[in-house]
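Asker: build me a structure from this.
(chains A and B)
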Amino acid sequence: MKISRDDAAGALRDIEAAQARAGEMRGYRLAGPYLIGWGLIWAIGYALMALRPMSEWGLIWLPLDLIGIGGSIIGGIRSNQAPQITGTGKTGTWRVIGAVLFTAMYIAATYALFAPHDVEPYIIYPGMVVGAVYVMIGLAWMPRLGWIGLAIFLLTVAGLFIARDFLLYWMALVGGGGLALSGLWLRSA
Amino acid sequence: MRAPDEIIHQSLRLKIMATLNAEHGEGPMEFTRLRGLLKATDGNLGSHLMTLEKAGYVTIEKDFLGKKPRTRVAITPAGAKAFRGHVAYLREVLEGA
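Answerer: Take a look at the predicted model:
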């Protein structure tokens, strides 16, 4: 059997494409549980915000965020059992945690800078930012995350116009529920 | 110079081996997931998997998940070694060794 240089180049391209696709799908499967977990946290957090006075909102999110970050760390440690896949090793886990913390810091800094007087920006801005971050990740590496981000972004903004009177419940449903459903979709990849 | 692996070099079998090798360490892969990744038909994928199984490059396990039949495929150590060897051969050809 004789293989020409063109055949060899084509075969190597096929191998690279197959491995890239397998890696992308594995990335989705690993990301799925994170989205499910954070989706549930969003749903619980926004639902509790709707039920409790504004003065208690910080107390609602502090433990929920700690649970989310703790869960992300545990999930990352478990995924380290398959270190040969790029982006999911110990460095990958800390990148995810770093991204979560930086996003939270960015949102807090924006509030500090613009100091909105109305309550709506405090409710919808996190959804817009998270949606935008997912769109950027989707454009760069993982298209499915991009579509999820776009849906979250658009639904969050739409809530301001069509669900202003029950915005917190809207965010619990489309933000939290949407993230959790998206996580199920990714996990099945 | 190394020799090509004629079993692996066929287009779909090459993709099967590349995919299973990339997932090596995650345990066996479900047939349906592999079929989705490769965009292959049941019959075509099944027949090439049998060729690879006969060569000792993959193992095929059939069991039940509840009442649902399930087929899972994994690359063997011999298959992983043969795949690495074939990739090395292709690189040698490309580099004109």
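Asker: now do stretch A:60-76: distance to the chain's middle.
Answerer: 13 Å (Cα atoms, centre = their mean, to the nearest Å).
Asker: got the contact list for it?
Answerer: If you take Cβ atoms under 8 Å, 6 or more residues apart in numbering or on different chains as the criterion, stretch A:60-76 is touched by A:33-34, A:37-38, A:41, A:44-45, A:48-49, A:52, A:90, A:92-94, A:96-97, A:100-101, A:104. C-beta: built from backbone N, CA, C; applies to glycine.
Asker: stretch B:23-31 too?
Answerer: Residues contacting stretch B:23-31 (Cβ under 8 Å, 6+ apart): A:22, A:26, A:82, A:84, B:19-20, B:45-46, B:49, B:59, B:61, B:70-75, B:80.
Asker: scan chain B for its longest helix.
Answerer: helix B:77-94 (DSSP state H).
Asker: oops, could you answer that again for chain A instead?
Answerer: Longest helix of chain A, by residue count under DSSP H: helix A:5-51.
Asker: does chain B sit close to that one?
Answerer: Yes. Residues of helix A:5-51 contacting chain B under Cβ under 8 Å from any Cβ of the partner chain: A:5, A:7-9, A:11-12, A:14-15, A:18-19, A:21-23, A:25-26.
Asker: which strands or helices does that helix pack on?
Answerer: When contacts are defined as 3 or more Cβ pairs under 8 Å, 6 or more residues apart in numbering or on different chains; DSSP states H and E, helix A:5-51 sits against helix A:57-79, helix A:143-162, helix A:167-170, helix A:178-187, helix B:11-22, helix B:31-38, helix B:77-94.
Asker: what residues of the longest one count as buried?
Answerer: When you say that, I think you mean helix A:57-79. If you call a residue buried by 16 or more other Cβ atoms under 10 Å in any protein chain shown, then helix A:57-79 has these buried ones: A:Trp57, A:Ile60, A:Trp61, A:Leu64, A:Asp65, A:Gly68, A:Ile69, A:Gly71, A:Ser72, A:Gly75, A:Gly76, A:Ser79.
Asker: what of the second one?
Answerer: Applying a neighbour-count criterion of 16+ other Cβ under 10 Å, one finds A:Arg144, A:Leu145, A:Gly146, A:Ile148, A:Gly149, A:Ala151, A:Ile152, A:Phe153, A:Leu155, A:Thr156, A:Gly159 buried in helix A:143-162.
Asker: ok, and what's touching stretch A:162-173?
Answerer: Outside stretch A:162-173, the residues that touch it by Cβ under 8 Å, 6+ apart are A:42-47, A:49-50, A:120, A:123-124, A:127, A:156, A:159-160.
Asker: could you find the closest non-adjacent residue to A:Ile97?
Answerer: Distances taken as Cβ to Cβ, 6 or more residues apart in numbering or on different chains place A:Ser72 nearest to A:Ile97, at 6.0 Å, with adjacent residues excluded.
Asker: on the pLDDT front, check the one you found for me.
Answerer: Looking at A:Ser72, its pLDDT reads 81.
Asker: likewise for the one 5 residues further on?
Answerer: The predicted local confidence for A:Ile77 comes out at a pLDDT of 74.
Asker: ok, B:Thr51 touching B:Ile7?
Answerer: Yes. Counting by Cβ atoms under 8 Å, B:Ile7 is a contact partner of B:Thr51 at 6.5 Å.
Asker: overlap of the contact sets of these two?
Answerer: Joint contacts of B:Thr51 and B:Ile7 (Cβ under 8 Å, 6+ apart) are B:Arg13.
Asker: look at these two and report which has more neighbours.
Answerer: B:Ile7 (19 against 16; other Cβ atoms under 10 Å in any protein chain shown).
Asker: output the below-cut-off pLDDT ranges for the chain.
Answerer: Here I'm looking at chain A. Along chain A, the parts satisfying pLDDT under 70 run over A:79-93.
Asker: I was thinking of chain B, sorry if that wasn't clear
Answerer: Looking at chain B by pLDDT under 70, you get B:97.
Asker: separation between A:Pro63 and chain B?
Answerer: In this view, A:Pro63 and chain B are 34 Å apart by Cβ to the nearest Cβ, to the nearest Å.
Asker: A:Phe114 now?
Answerer: 45 Å.
Asker: list the residues that contact that residue.
Answerer: Applying Cβ under 8 Å, 6+ apart to A:Phe114 gives the contacts A:Pro121.
Asker: contact partners for the residue nearest the centre of chain B?
Answerer: Most central in chain B under Cα atoms, centre = their mean is B:Met17, positioned 2.9 Å from the mean C-alpha point. B:Met17 makes contacts with B:Ile8, B:Leu52, B:Tyr57, B:Val58, B:Ile75, B:Gly79, B:Ala82, B:Phe83, B:His86, as judged by Cβ under 8 Å, 6+ apart.
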